[in-house]
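Undergrad: kindly generate the corresponding structure for this input.
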Amino acid sequence: MKAIWNNQIIAESDQTVVVEGNHYFPADAIKNEYFAASDTHTVCSWKGTASYYSLEVDGAINKDAAWYYPDPAPAAAQIKGRVAFWKGVKVVE
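TA: Predicted coordinates:
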């Protein structure tokens, strides 16, 4: 699977985990040069507290376009250490 934004591959892996229709990429599959930590956090009733990254590709910024659960609830243990995308990021085979 590939995550693409602004015509750039920002993550690539054949080891994604799908939860609620979202592909969660292993943390070592993301291209760190495009990711910046965000102060945004949200809470999911069954996964726990999510943290976010903003993306920057060729000068364009996509705020909070990637999220991860640093310490997921036990029911979501399979996504620990993984990153998922939204806000226009295309995930394709």
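
Undergrad: what is the burial count for the closest residue to Val43 other than its chain neighbours?
TA: The shortest distance from Val43 to any residue other than its chain neighbours is 5.3 Å, reached at Thr49 (C-beta to C-beta, 6 or more residues apart in numbering). For glycine as for every other residue, the C-beta is placed from the backbone atoms N, C-alpha and C. By other C-beta atoms under 10 Å, the residues close to Thr49 number 13.

Undergrad: for Thr49, give me its contacts.
TA: His41, Thr42, Val43, Tyr69, Pro70, Asp71 (C-beta atoms under 8 Å, 6 or more residues apart in numbering).

Undergrad: strands - which of these land there?
TA: Among the contacts of Thr49, the residues falling in strands (DSSP state E) are His41, Thr42, Val43.

Undergrad: list just the nearest of the residues you listed to Gln15.
TA: Proximity of the ones in strands among the contacts of Thr49 to Gln15, judged by C-beta to C-beta, is greatest for Thr42, which lies at 25.0 Å.
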